[in-house]
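Q: Would you be able to build a 3D model of this:
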Amino acid sequence: MQTDPGARVLADFEGAWDLHRQIIHADGTTAMFQGVAVWTPEADGLIYRETGSLKMPQGAAMQSERQYRWAAGLDVYFDDGRFFHAVPARGGKATHWCDPDTYSVIYDFARWPVFTALWEVSGPRKSYSLHSHYSRR
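A: Just a heads-up that it's a prediction; the model follows:
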């Protein structure tokens, strides 16, 4: 069985990546995140951990971090084990419903090993965009 050369697999993400993110709120204010994303092997997948500096529109920079678990099939889970979303292997759209808000993402792997994830979050409680740019370290 041949694999699709344009499709990403879990092992493609392993290692350290530079991460730059712009967070654009509905009111037009923008926050910036700059840091590192690291995918580290664990028993049945990879642990994704990002750490860096988050600069809010009208405040000092603060340290920020988050963590997820990635499994075979590019399934992403929250720290507590709940399913988050499936990353399309060739890039494309995925969604997550977090009552009452919707999280939609478009992954773009066209310039691999540089890729982007564009999240649009909408609903009665949240309204913002996350533009994340990853490049291999």
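
Q: Tell me which helix or strand Leu19 sits in.
A: Leu19 is part of strand 15-25, with elements assigned from DSSP states H and E.

Q: What number of residues are in the vicinity of Val76?
A: The tally of other residues near Val76 (other CB atoms under 10 Å) stands at 19. In this view, the C-beta of every residue, glycine as well, is placed from N, C-alpha and C.

Q: any weak-confidence spans in this structure?
A: Across the chain, the ranges flagged by pLDDT under 70 are 1-3, 5.

Q: For it, which residue occupies the most central location?
A: Nearest to the mean C-alpha position of the chain, by CA atoms, centre = their mean, lies Ala117 at 6.0 Å.

Q: so what's that residue up against?
A: Contact analysis of Ala117 by CB atoms under 8 Å, 6 or more residues apart in numbering lists Val105, Ile106, Tyr107, Asp108, Leu130, Ser132, Tyr134.

Q: Mind giving me the PyMOL command for buried ones among those residues?
A: Here is the PyMOL command that selects only those of the contacts of Ala117 that count as buried (16 or more other CB atoms under 10 Å):
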select buried, resi 105+107+130+132+134
